[in-house]
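*Asks:* coords please:
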Amino acid sequence: MSVKIRLQRHGKKGKPFYWIVAADARAKRDGRFLEKLGTYNPNTNPATVNLDVDGAVKWLQNGAQPTDTAKTILSYKGAMLKNHLVGGVRKGALTEEQAEEKFQAWLEEKAGKVASKEENVAKVKSEAKAKALEAEKAVNEARVAAAVEEAAPEVVEEVVAEEATPEVVAEEAAPEVVEEAAPEVVAEEAAPEVVEEAAPEVVAEEVTPEEAAEEKKEESAE
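*Replies:* Sure, this is the predicted structure:
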(Lines give C-alpha, C1' and ligand atoms only; values in the text may rest on other atoms or scores of the structure.)
Protein backbone atom coordinates (compact mmCIF):
# COMPACT_ATOMS: atom_id res chain seq x y z
CA MET A 1 0.00 0.00 0.00
CA SER A 2 1.34 3.41 -1.01
CA VAL A 3 1.18 5.96 1.83
CA LYS A 4 1.29 9.73 1.56
CA ILE A 5 1.84 12.35 4.22
CA ARG A 6 -0.43 15.21 3.31
CA LEU A 7 -2.72 17.96 4.59
CA GLN A 8 -6.38 17.44 5.33
CA ARG A 9 -8.43 20.63 5.34
CA HIS A 10 -10.61 21.67 8.28
CA GLY A 11 -11.71 25.04 9.72
CA LYS A 12 -14.17 27.69 8.56
CA LYS A 13 -14.55 29.28 5.15
CA GLY A 14 -11.82 31.86 4.65
CA LYS A 15 -9.89 30.56 7.68
CA PRO A 16 -8.52 27.14 6.77
CA PHE A 17 -7.00 24.87 9.39
CA TYR A 18 -5.18 21.68 8.40
CA TRP A 19 -4.41 18.30 9.88
CA ILE A 20 -1.15 16.64 8.91
CA VAL A 21 -2.02 12.99 8.26
CA ALA A 22 -0.57 9.79 6.89
CA ALA A 23 -3.15 8.34 4.51
CA ASP A 24 -3.57 5.80 1.75
CA ALA A 25 -2.60 7.45 -1.53
CA ARG A 26 -5.88 6.16 -3.05
CA ALA A 27 -8.07 7.80 -0.39
CA LYS A 28 -9.75 11.16 -0.92
CA ARG A 29 -7.93 14.20 0.31
CA ASP A 30 -10.35 14.85 3.17
CA GLY A 31 -11.35 11.21 3.60
CA ARG A 32 -10.10 8.48 5.88
CA PHE A 33 -6.50 8.52 7.09
CA LEU A 34 -4.16 6.11 8.83
CA GLU A 35 -2.70 8.42 11.48
CA LYS A 36 -2.89 12.07 12.45
CA LEU A 37 0.64 13.46 12.82
CA GLY A 38 -0.04 17.10 13.67
CA THR A 39 -1.76 20.37 12.75
CA TYR A 40 -0.94 23.39 10.62
CA ASN A 41 -2.53 26.83 11.11
CA PRO A 42 -1.60 29.38 8.41
CA ASN A 43 -3.79 32.12 9.94
CA THR A 44 -1.09 33.21 12.42
CA ASN A 45 2.19 35.02 11.76
CA PRO A 46 4.42 33.06 11.80
CA ALA A 47 2.32 29.99 10.98
CA THR A 48 1.65 27.61 13.87
CA VAL A 49 2.79 24.01 13.34
CA ASN A 50 2.40 21.14 15.79
CA LEU A 51 4.03 17.91 14.61
CA ASP A 52 4.85 14.51 16.02
CA VAL A 53 8.38 14.45 14.61
CA ASP A 54 9.13 10.87 15.65
CA GLY A 55 5.83 9.63 14.17
CA ALA A 56 6.53 11.44 10.90
CA VAL A 57 10.08 9.96 10.78
CA LYS A 58 8.64 6.47 11.34
CA TRP A 59 6.34 6.84 8.32
CA LEU A 60 9.16 8.28 6.24
CA GLN A 61 11.37 5.32 7.19
CA ASN A 62 8.56 2.99 6.05
CA GLY A 63 8.44 4.62 2.62
CA ALA A 64 5.69 7.23 2.99
CA GLN A 65 6.00 10.09 0.50
CA PRO A 66 5.09 13.63 1.62
CA THR A 67 3.36 16.05 -0.72
CA ASP A 68 5.26 19.26 -1.57
CA THR A 69 3.44 21.30 1.09
CA ALA A 70 3.78 18.55 3.68
CA LYS A 71 7.49 18.20 2.91
CA THR A 72 8.00 21.94 3.53
CA ILE A 73 6.26 21.64 6.88
CA LEU A 74 8.26 18.55 7.85
CA SER A 75 11.49 20.35 6.97
CA TYR A 76 10.40 23.37 9.01
CA LYS A 77 9.95 21.17 12.09
CA GLY A 78 13.14 19.12 11.49
CA ALA A 79 11.45 15.82 10.57
CA MET A 80 13.29 15.58 7.24
CA LEU A 81 16.65 16.26 8.96
CA LYS A 82 15.99 13.66 11.64
CA ASN A 83 15.00 11.14 8.98
CA HIS A 84 18.34 11.77 7.28
CA LEU A 85 20.23 11.37 10.58
CA VAL A 86 18.41 8.10 11.35
CA GLY A 87 19.45 6.82 7.92
CA GLY A 88 23.06 7.72 8.73
CA VAL A 89 22.84 5.79 12.01
CA ARG A 90 21.53 2.74 10.16
CA LYS A 91 24.41 2.91 7.74
CA GLY A 92 26.90 3.32 10.62
CA ALA A 93 28.04 6.78 9.52
CA LEU A 94 27.38 8.19 13.00
CA THR A 95 26.14 7.07 16.38
CA GLU A 96 22.72 7.77 17.86
CA GLU A 97 24.31 10.20 20.34
CA GLN A 98 25.94 12.18 17.55
CA ALA A 99 22.69 12.22 15.56
CA GLU A 100 20.79 13.47 18.61
CA GLU A 101 23.36 16.21 19.30
CA LYS A 102 23.16 17.44 15.71
CA PHE A 103 19.38 17.43 15.85
CA GLN A 104 19.27 19.36 19.15
CA ALA A 105 21.74 21.93 17.83
CA TRP A 106 19.53 22.44 14.78
CA LEU A 107 16.43 22.82 16.99
CA GLU A 108 18.13 25.53 19.07
CA GLU A 109 19.21 27.44 15.97
CA LYS A 110 15.71 27.12 14.52
CA ALA A 111 14.12 28.32 17.76
CA GLY A 112 16.37 31.42 17.67
CA LYS A 113 15.29 32.21 14.11
CA VAL A 114 11.62 31.78 14.98
CA ALA A 115 11.96 34.00 18.06
CA SER A 116 13.68 36.68 15.98
CA LYS A 117 10.90 36.59 13.42
CA GLU A 118 8.23 36.83 16.11
CA GLU A 119 10.05 39.82 17.63
CA ASN A 120 10.19 41.59 14.26
CA VAL A 121 6.49 40.92 13.67
CA ALA A 122 5.64 42.31 17.12
CA LYS A 123 7.76 45.40 16.44
CA VAL A 124 6.03 46.05 13.12
CA LYS A 125 2.62 45.69 14.79
CA SER A 126 3.64 48.08 17.57
CA GLU A 127 4.85 50.71 15.08
CA ALA A 128 1.68 50.37 13.03
CA LYS A 129 -0.42 50.80 16.17
CA ALA A 130 1.57 53.90 17.20
CA LYS A 131 1.07 55.46 13.75
CA ALA A 132 -2.64 54.71 13.90
CA LEU A 133 -2.88 56.39 17.32
CA GLU A 134 -1.01 59.47 16.05
CA ALA A 135 -3.31 59.72 13.03
CA GLU A 136 -6.38 59.41 15.26
CA LYS A 137 -4.98 62.08 17.61
CA ALA A 138 -4.42 64.46 14.68
CA VAL A 139 -8.00 63.93 13.48
CA ASN A 140 -9.36 64.62 16.98
CA GLU A 141 -7.30 67.82 17.29
CA ALA A 142 -8.58 69.00 13.90
CA ARG A 143 -12.17 68.38 15.02
CA VAL A 144 -11.62 70.35 18.26
CA ALA A 145 -10.07 73.26 16.33
CA ALA A 146 -13.02 73.33 13.93
CA ALA A 147 -15.47 73.32 16.83
CA VAL A 148 -13.63 76.23 18.49
CA GLU A 149 -13.71 78.24 15.25
CA GLU A 150 -17.45 77.68 14.89
CA ALA A 151 -18.10 78.77 18.50
CA ALA A 152 -15.82 81.87 18.32
CA PRO A 153 -18.41 84.47 17.05
CA GLU A 154 -20.80 83.69 19.92
CA VAL A 155 -17.98 84.09 22.45
CA VAL A 156 -16.97 87.46 20.94
CA GLU A 157 -20.56 88.76 21.13
CA GLU A 158 -20.81 87.76 24.79
CA VAL A 159 -17.49 89.44 25.61
CA VAL A 160 -18.52 92.68 23.83
CA ALA A 161 -21.83 92.74 25.70
CA GLU A 162 -20.05 92.27 29.03
CA GLU A 163 -17.42 94.95 28.28
CA ALA A 164 -19.97 97.68 27.24
CA THR A 165 -19.20 100.91 29.25
CA PRO A 166 -21.76 103.13 31.08
CA GLU A 167 -20.90 106.06 28.71
CA VAL A 168 -21.93 103.98 25.70
CA VAL A 169 -25.18 103.03 27.43
CA ALA A 170 -25.86 106.71 28.24
CA GLU A 171 -25.21 107.75 24.63
CA GLU A 172 -27.54 105.08 23.36
CA ALA A 173 -30.26 106.28 25.79
CA ALA A 174 -29.92 110.02 24.82
CA PRO A 175 -32.20 109.91 21.73
CA GLU A 176 -35.06 108.75 23.95
CA VAL A 177 -34.79 111.95 26.06
CA VAL A 178 -34.89 114.13 22.92
CA GLU A 179 -37.87 112.26 21.59
CA GLU A 180 -39.76 112.81 24.88
CA ALA A 181 -39.15 116.58 24.68
CA ALA A 182 -40.34 116.82 21.07
CA PRO A 183 -44.13 117.27 21.78
CA GLU A 184 -43.57 120.79 23.26
CA VAL A 185 -41.76 121.90 20.12
CA VAL A 186 -44.56 120.48 18.00
CA ALA A 187 -47.10 122.45 20.01
CA GLU A 188 -45.18 125.66 19.32
CA GLU A 189 -44.91 124.88 15.64
CA ALA A 190 -48.67 124.24 15.50
CA ALA A 191 -49.59 127.75 16.78
CA PRO A 192 -49.55 129.51 13.34
CA GLU A 193 -52.18 127.05 12.12
CA VAL A 194 -54.57 128.23 14.85
CA VAL A 195 -54.05 131.86 13.78
CA GLU A 196 -54.68 131.03 10.13
CA GLU A 197 -57.93 129.23 10.96
CA ALA A 198 -59.19 132.23 12.99
CA ALA A 199 -58.46 134.73 10.21
CA PRO A 200 -61.69 134.26 8.15
CA GLU A 201 -63.86 135.06 11.19
CA VAL A 202 -62.07 138.37 11.75
CA VAL A 203 -62.50 139.41 8.07
CA ALA A 204 -66.21 138.63 8.21
CA GLU A 205 -66.75 140.93 11.20
CA GLU A 206 -65.02 143.90 9.44
CA VAL A 207 -67.47 143.97 6.37
CA THR A 208 -70.03 146.87 6.69
CA PRO A 209 -73.79 146.67 5.70
CA GLU A 210 -73.28 149.16 2.88
CA GLU A 211 -70.50 147.06 1.33
CA ALA A 212 -72.66 143.97 1.62
CA ALA A 213 -75.59 145.67 -0.17
CA GLU A 214 -73.35 146.80 -2.99
CA GLU A 215 -71.98 143.29 -3.40
CA LYS A 216 -75.55 141.92 -3.67
CA LYS A 217 -76.41 144.51 -6.36
CA GLU A 218 -73.37 143.56 -8.36
CA GLU A 219 -74.22 139.87 -8.08
CA SER A 220 -77.88 140.47 -9.25
CA ALA A 221 -76.68 142.63 -12.17
CA GLU A 222 -74.51 139.86 -13.38
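*Asks:* Could you use CA atoms for every contact and neighbour count after this?
*Replies:* Noted.
*Asks:* Now do the SS call for L107.
*Replies:* Here L107 takes the helix state, with states given by DSSP: H, G, I helix; E, B strand; the rest coil.
*Asks:* By mean pLDDT, which helix or strand of this protein comes out lowest?
*Replies:* When the helices and strands of the chain are scored by mean pLDDT, DSSP states H and E, helix 191-206 comes last with a mean of 44.
*Asks:* so what's G78 up against?
*Replies:* G78 makes contact with V53, F103, W106, L107, according to Cα atoms under 8 Å, 6 or more residues apart in numbering.
*Asks:* what about the strands in this structure?
*Replies:* Using DSSP state E, the strands of the chain run over 3-12, 15-24, 35-41, 48-51, 65-66.
*Asks:* Report the rounded mean pLDDT for the first one.
*Replies:* Strand 3-12 carries an average pLDDT of 92.
*Asks:* And that strand, what's buried?
*Replies:* Neighbour counts over strand 3-12 (16 or more other Cα atoms under 10 Å) mark V3, K4, I5, R6, L7, Q8 as buried.
*Asks:* Quick check: the last one touching Y18?
*Replies:* Right, the one you point to is Q8. Yes - using Cα atoms under 8 Å as the test, Q8 is close enough to Y18 to be in contact (5.4 Å).
*Asks:* how's the protein carved up into domains?
*Replies:* 3-94, 115-161 (automatic domain parsing).
*Asks:* For those, which has the smallest mean pLDDT value?
*Replies:* Among the domains of the chain, domain 115-161 has the lowest mean pLDDT, at a mean of 78.
*Asks:* Next, count neighbours for the closest residue to N43 other than its chain neighbours.
*Replies:* The shortest distance from N43 to any non-neighbouring residue, by Cα to Cα, 6 or more residues apart in numbering, is to K15 (6.7 Å). By other Cα atoms under 10 Å, the residues close to K15 number 10.
*Asks:* cool, and Y40?
*Replies:* Neighbours of Y40 using other Cα under 10 Å come to 21.
*Asks:* List the residues that contact it.
*Replies:* Here Y40 is in contact with F17, Y18, W19, I20, A47, T48, V49, N50 (Cα under 8 Å, 6+ apart).
*Asks:* give me every residue that touches the closest residue in space to it that isn't next to it in sequence.
*Replies:* Leaving aside its sequence neighbours, Y40 sits nearest to V49 (Cα to Cα, 6+ apart; 4.7 Å). Counting by Cα under 8 Å, 6+ apart, V49 makes contact with G38, T39, Y40, N41, I73, K77.
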